[in-house]
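K.L.:
3D, please:
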Amino acid sequence: MPTKRELFIHFAFWFSFFVFVTLFKNYFIFDYWPFWIGGILGIFLPYLDRFLKTEELIFHTIFFQIIFLVLTFWILTSSGSLFGKGLVLSFALHLSVDQLAGLQEEKNLGNLNINQSKTYWMVTTIIVLVFGFLL
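P.N.:
Coordinates of the predicted model:
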């Protein structure tokens, strides 16, 4: 179960990022509400693997994240659904924030050493930020 601090951190990153995307893309009219609703749902979806009670958090593995970034790019570039775009963008942002939290605790990501883990986090975070501009 996520702590209040963890929920606050994820929500703060999500809100800041979505406000930035809204300002950059000029999404100020009411027609863009599905983007925000998808984003709210997407920020909570990565918690599903904690509720499944598996031994490993499936959504938090490097293999899943690489596949998910490819699918995120596909949805952002080929889907007209603002809900879907908000959902996958905030899901990817959540995973990036989790990686940052793990790195602050000096945890390696998967089989990577700490330097490889930091590089992987920087690359995935840059990809998520670029994806925010592709909408």
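K.L.:
And the helices in the protein, which stretches?
P.N.:
For the chain, applying DSSP state H gives helices covering 4-25, 33-44, 48-51, 62-78, 82-104, 114-134.
K.L.:
Include mean pLDDT and mean neighbour count when you put those into a markdown table, please.
P.N.:
For every residue, glycine as well, the C-beta is placed using N, CA and C. Compiled in a markdown table, the helices of the chain are given as follows (pLDDT from 0 to 100; neighbours: other C-beta atoms under 10 Å):
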| stretch | mean pLDDT | mean neighbour count |
| --- | --- | --- |
| helix 4-25 | 92 | 14 |
| helix 33-44 | 93 | 18 |
| helix 48-51 | 80 | 12 |
| helix 62-78 | 91 | 14 |
| helix 82-104 | 90 | 21 |
| helix 114-134 | 88 | 15 |
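K.L.:
quick one: contacts of stretch 65-80?
P.N.:
59, 81, 84-85, 88-89, 91-92, 95, 124, 127-128, 131, 134-135 (C-beta atoms under 8 Å, 6 or more residues apart in numbering).
K.L.:
just how off-centre is that stretch within its chain?
P.N.:
Stretch 65-80 has its C-alpha centroid displaced from the chain centroid by 12 Å (C-alpha atoms, centre = their mean, to the nearest Å).
K.L.:
again with stretch 105-116
P.N.:
19 Å.
K.L.:
Could you do stretch 125-135 as well?
P.N.:
10 Å.
K.L.:
Pull the residues that contact it.
P.N.:
Stretch 125-135 is contacted from outside by 17, 20-21, 24-25, 35, 69, 72-73, 76-77, 85, 89, 92-93, 96, 99-100, using C-beta under 8 Å, 6+ apart.
K.L.:
Gly110: neighbour count?
P.N.:
For Gly110, the neighbour count with other C-beta atoms under 10 Å is 12.
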